[in-house]
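[1] quick one: sequence and predicted model below, then my questions.
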Amino acid sequence: MHAFLAFYIPQGPFWAAAILVMVFSFYAQMRVSRAYSKNAEIPSRGGITGREAAAAVMSRAGIADVTIEETGGRLTDHYDPASKKLVLSSENYRGTSLAAVGVAAHEAGHALQHREGFQMLEFRMALAPTTRIAAGIAPFLYVGLFYFSRSTGGLFLDIAIAAFAILTVFQLVTLPVEYDASRRAKVQLVALGILDQDEMRGVDEVLDAAALTYLAAFMGALVNLLAVLSRRN
């Protein structure tokens with residue numbers, strides 16, 4: 001939703017930027033959906049499930065205190081560092097496709113980051129509580145920005161700037177975290193013999209497409225922040 005903020009702030013140049021971000025975000029979502037759907041239909045030769053792939057990646061790194069759980073929905077996969085849970089959607093938990101194995105290994109990559117104390121992940125974890133607050137008040141800020149001008153919205157604008165700055169920094173930090181998790185996943189899938197090298201093309205398609213969605217989220221957050229800053233005298 002953050003990419004739509006510029007439409008709540010009628011500042012000339014930011015309308016064009018917001019439209020470009022929306023187009024890019026739509027493209028990223030379409031690309032990841034197509035890449036995932038395509039490779040979800042291609043079974044891996046080894047027949048290993050996503051759950052087994054994630055377990056193998058973590059086992060090789062000596063991680064024994066992370067549970068792997070199944071959840072509903074599509075592409076609802078995530079790693080929760082606070083509770084040390086790796087959660088996979090049913091399609092990826094039980095599936096043996098290139099998409100399932102790739103996504104599961106990506107989430108396991110976050111567990112590897114956590115164990116090693118990857119600095120960007122630690123930073124993102126530290127930002128998470130404040131980011132939840134900022135995201136929670138964002139809808140109210142959207143509405144308020146209609147009514148406050150530069151001259152009357154001093155404190156409100158300060159709050160909006162602080163909130164959108166937090167969201168932008170969080171999205172910026174997310175980029176290296178997600179890219180590194182994908183890099184780790186690709187290395188481990190081949191090193192463990194879970195996938196053959198020629199099968200990695202399907203994994204690359206899915207994870208590289210997913211990376212575009214994180215980039216789109218950052219671009220949207222940045223446009224939001226710049227649009228709010230432009231209201232400051």
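    Received the coordinates, thanks. Bear in mind the structure is a predicted one, so any value in this text is a computation, not a measurement.
[2] what about residue 125, how many residues nearby?
    14 (other CB atoms under 10 Å). Any C-beta I mention is one placed from the backbone N, CA and C, and that applies to glycine too.
[3] now do residue 231 against residue 181, distance only.
    36 Å (CB to CB, to the nearest Å).
[4] residue 87 sits in which helix or strand?
    strand 85-89 (DSSP states H and E).
[5] what sits closest to residue 101 if chain neighbours are left out?
    Nearest non-adjacent residue to residue 101, counting by CB to CB, 6 or more residues apart in numbering: residue 53, 4.6 Å away.
[6] wait, the one you found touches residue 103, no?
    No: the criterion here is CB atoms under 8 Å, and residue 53 misses it with residue 103 at 9.2 Å.
[7] can you pull out the low-pLDDT segments for the chain?
    1-13, 148-153, 233 (pLDDT under 70).
[8] who's in contact with the residue lying closest to residue 179 once chain neighbours are set aside?
    With sequence-adjacent residues excluded and distances taken as CB to CB, 6+ apart, residue 179 is closest to residue 211, at 6.0 Å. By CB atoms under 8 Å, 6 or more residues apart in numbering, the residues touching residue 211 are 178-179, 182.
[9] which parts of the top helix by length along the chain are buried?
    Ranked by residue count, the top helix of the chain under DSSP state H comes out as helix 154-191. Residues of helix 154-191 classed as buried: 156-157, 159-161, 163-174, 176-182, 184-186, 188-189 (neighbour count, 16 or more other CB atoms under 10 Å).
[10] buried ones in the helix or strand following that helix?
    For helix 154-191, the following helix or strand on the C-terminal side (DSSP H and E) is helix 200-229. By neighbour count on 16+ other CB under 10 Å, the buried set for helix 200-229 is 200, 202-207, 209-228.
[11] next: stretch 37-44.
    Buried residues in stretch 37-44 (16+ other CB under 10 Å): 39-40, 44.
[12] show residues contacting the strand holding residue 87.
    With CB under 8 Å, 6+ apart, strand 85-89 has contacts from 50-51, 54, 58, 66-80, 103-104, 107-108, 110-111.
[13] among the residues you listed, which are in helices?
    Per DSSP H, the contacts of strand 85-89 map to helices at 50-51, 54, 58, 103-104, 107-108, 110-111.
[14] which of the contacts of residue 211 lies closest to residue 18?
    Nearest to residue 18, judged by CB to CB, of those is residue 178 at 23.4 Å.
[15] which non-adjacent residue is nearest that closest one?
    Closest to residue 178 by CB to CB, 6+ apart is residue 214, at 4.9 Å.
[16] gap between that neighbour and residue 207?
    Going from residue 214 to residue 207 by CB to CB gives 11 Å.
[17] and if you look at residue 77?
    12 Å.
[18] what's the overlap in contacts for these two?
    103, 106.
[19] chain center to stretch 208-216, what's the gap?
    On the basis of CA atoms, centre = their mean, to the nearest Å, stretch 208-216 sits 8 Å off its chain's mean C-alpha point.
[20] about what we covered before: in the strand holding residue 87, what counts as buried?
    86-89.
[21] between the ones in helices among the contacts of strand 85-89, which is nearest residue 118?
    So of the ones in helices among the contacts of strand 85-89, ranked by how close each gets to residue 118 (CB to CB), first place is residue 110, at 8.7 Å.
[22] the closest one touches residue 79, doesn't it?
    Yes: applying CB under 8 Å, one finds residue 110 in contact with residue 79, separated by 3.7 Å.
[23] first to last residue in stretch 138-158, what's the distance?
    13 Å (CA to CA, to the nearest Å).
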